[in-house]
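Trainee: show me the folded form of this:
(chains A and B)
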Amino acid sequence: MTVKIEVIEGGIPHDQLMIAGLVGSLVFLYLSYINVMANTQLASFFGGLAAVCALLWGSNTIKVLCSYGIGTGVPSAGMLALGSGVIAMLLATRYGLWAPVVAVVLAAVIGAILGFLANNVLMMKIPVMIRSITEMAVIGALSLMGFSAMAAGSFDFTQMSAATTSFLGMEMTSYGNSYMGLTIIAVSFFLAAIAIQHPFNATLGPSWKQDRMLWLAAECGFLSMLAVSVMSFAFLSMEAAALSLAISIAGWAYTYYRYIMLSKRDAAFWLDAKPILEPEGH
Amino acid sequence: MSVTPKPAGGVGMDWTSMGLALLLMLAIIGIGWYMFGMTNIFYALLAIIVGGALIGFGVHFVPVGGAPAAMGQAPGIATGVAMLAGGAGLAGLFGGAWAADLGLGVACAAGAVGGALMMAITCMFVNVIYVYAMGIPAASGKAKVDPITGDTQTEFKSQGTEGHGLPFVSFVGGVVGGFLGGLGGTLIYWVLLKWVYVDRLLSSALGAPLTADVTPIAVSLAGMFAIGLFLVNAVLAAYNITGTIEGPHDPKFARWPRAVVATAVASAVCGIVAIAIVAV
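Mentor: Below is the predicted model of the structure:
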């Protein structure tokens, strides 16, 4: 039996964040389905917003799990989340319209089994272990599916693995140059993994405040989204990718500003130092 | 944060949970047999389970020091197990992936040697930095005498620390761990690619004939599933050793049977999902 070393005081209760993250992520993923229904690519950025919702929820789950001192460092939890999430997410993409729901259910099943293994077979004996790892697998699957939908324009397997290019007026389907074929999904994988583990890892300690961690989580999510939107230029139309890029930059700038404000609030002392100017002509 | 308690997790075993977990694994193997019969796909599931168990066992050899090692207060490499196993395993996996077309034996050997080489280089530079930059001699805190060289350790151990640096036995442990991790990761990648995806995925999932243009999808899928399985197994093994271990001479090493069972079951669960993508 382990001792809980940090107490959650105040802030939004975890259950509330979980429901908001899950529902928000699913709603945004289905909003990205407008792409298929309206035969456009402009709704791709909703995928990134779905990932940000999942990451917000994920940072708090990591907080709940890691406040027990699991001994392996916070990043390992993020790696476990994405490692189990990617497996569920890839199978779920075969189900077309039902992909997000299948991903949630499948990831929850895999996560529950992994949680049971960690808690009972490996004898971690942490009260929140099974629930947390279940949540983490779902978060990993949802955030990766969001980034995939954003970069490839759809969360459907066949669309993620086929890129249509027009060459001299002829439409050509290329598998090798698609989101899956170029293994851009591996980049999305680690972008999501970094974004999920960093917020709590950076803000933990005696002065931990939930609002500061959540704004940092949103900032990390938008920063990863920015990288994904740059990659989406290769797979989507110029307008759709530019729209994603603009939304990512705006979201990142706003959340970064809020995070810096909260850092100033929580810091013991804040010095607005300017860089030393080199005198010219030396 | 004055105390940093860690899960106690002794050497004991929870037989009921372990039995349940093994039953689950047998059920999944049964499902795999029922779905695919005695085909290569079924053998691939078995190979994934073996590969996952190899990864879980290999992690126990790697001298993970964590934050105390960064301050020279504990022996081992100064980072977490997820990063170390990820680095060694993925280096091995990439090494093996290049050799995938040369057959299972060559690919696995390349992966194992790649992982071992990665860990050997890491361990060497850890000691170079400890000895020549930080001025710390290598001394184990868990063993009085190095089990391989017979060098005494206690004289070199500073008071108030759990040992420091990377003794020879830890170095060897790191290389063996990298070898097993790279072997397991490459085995998973190879069987998924050659026995499952190249044959079945392209006809069932994409409805496209097997051409050189479609092969990247199979490579990409096998790679992603292998990375996912590798990270899951490495983190589960890390939970078993609760973060830090000195190498094969550490008392925590005796916990490996739990991890082998847990990683085998986890690999079976994730493996059947990875294989099911060609069946739905």
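
Trainee: was I right about residue B:255 contacting residue B:239?
Mentor: No: counting by C-beta atoms under 8 Å, residue B:255 does not reach residue B:239; the two are 10.5 Å apart. Where C-beta positions appear, they are placed from N, C-alpha and C, glycine not excepted.

Trainee: looking at those two, which one has more neighbours?
Mentor: For residue B:255 versus residue B:239, neighbours defined as other C-beta atoms under 10 Å in any protein chain shown are more numerous around residue B:239 (32 against 23).

Trainee: residue numbers of the stretch 151-282 of chain A in contact with chain B?
Mentor: The stretch 151-282 of chain A comes close to chain B at residues A:157-158, A:161-162, A:174-176, A:178, A:180-183, A:185-186, A:189, A:205-206, as judged by C-beta under 8 Å from any C-beta of the partner chain.

Trainee: restricted to buried residues, select the residues you listed in PyMOL.
Mentor: Burial among those is assessed by 16 or more other C-beta atoms under 10 Å in any protein chain shown; the matching PyMOL selection reads:
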select buried, chain A and resi 157+158+161+162+175+176+178+180+181+182+183+185+189
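
Trainee: so residue B:161 sits in a strand?
Mentor: No: read with DSSP: H, G, I helix; E, B strand; the rest coil, residue B:161 is coil and lies in no strand.

Trainee: in helices only, show me the residues of the stretch 151-282 of chain A next to chain B.
Mentor: A:157, A:158, A:185, A:186, A:189 (DSSP state H).

Trainee: what is the lowest-pLDDT residue among those residues?
Mentor: Minimum pLDDT across those is recorded for residue A:158, with 80.

Trainee: follow-up on the earlier one: among the residues of the stretch 151-282 of chain A next to chain B, name the ones in strands.
Mentor: residue A:174 (DSSP state E).

Trainee: least trustworthy helix or strand in chain B by mean pLDDT?
Mentor: Taking mean pLDDT, DSSP states H and E as the measure, helix B:202-204 is the helix or strand of chain B with the lowest mean score, a mean of 58.

Trainee: just checking, next helix/strand downstream of that one?
Mentor: Proceeding N to C from helix B:202-204, the next assigned helix or strand is helix B:215-240, under DSSP states H and E.

Trainee: wait, residue A:180 sits on residue B:217?
Mentor: Yes: under the criterion of C-beta under 8 Å, residue A:180 makes contact with residue B:217 at 5.2 Å.

Trainee: now do the shared contacts for those two.
Mentor: residue A:161 (C-beta atoms under 8 Å, 6 or more residues apart in numbering or on different chains).

Trainee: backbone dihedrals for residue B:64, please?
Mentor: phi -100, psi 120 (degrees, to the nearest 10).

Trainee: not counting sequence-adjacent ones, nearest residue to it?
Mentor: Once flanking residues are discounted, residue B:64 sits nearest to residue B:81: 4.5 Å by C-beta to C-beta, 6 or more residues apart in numbering or on different chains.

Trainee: which residues touch the one you found?
Mentor: A:72, A:73, A:76, B:59, B:62, B:64, B:234, B:235, B:237, B:238, B:241, B:243.

Trainee: state the number of residues packed around the nearest residue to residue B:248 once chain neighbours are set aside.
Mentor: Closest residue to residue B:248 apart from its sequence neighbours, by C-beta to C-beta, 6+ apart: residue B:173 at 4.8 Å. Residues contacting residue B:173 under the criterion other C-beta under 10 Å number 28.

Trainee: where along the chain do the helices fall?
Mentor: No chain in the question, so chain A it is. Using DSSP H, the helices of chain A run over A:14-31, A:34-37, A:45-66, A:74-92, A:99-116, A:129-152, A:157-160, A:184-203, A:210-231, A:238-266.

Trainee: actually it's chain B I care about, not the one you picked
Mentor: B:15-36, B:40-59, B:66-70, B:81-98, B:104-128, B:168-190, B:202-204, B:215-240, B:256-276.

Trainee: between helix B:40-59 and the first one, find me the angle.
Mentor: Orientation check (axes from the mean of the first three to the mean of the last three C-alpha atoms, to 10 degrees): helix B:15-36 against helix B:40-59 gives 150 degrees.

Trainee: how far is helix B:15-36 from where the chain is centred?
Mentor: 22 Å (C-alpha atoms, centre = their mean, to the nearest Å).
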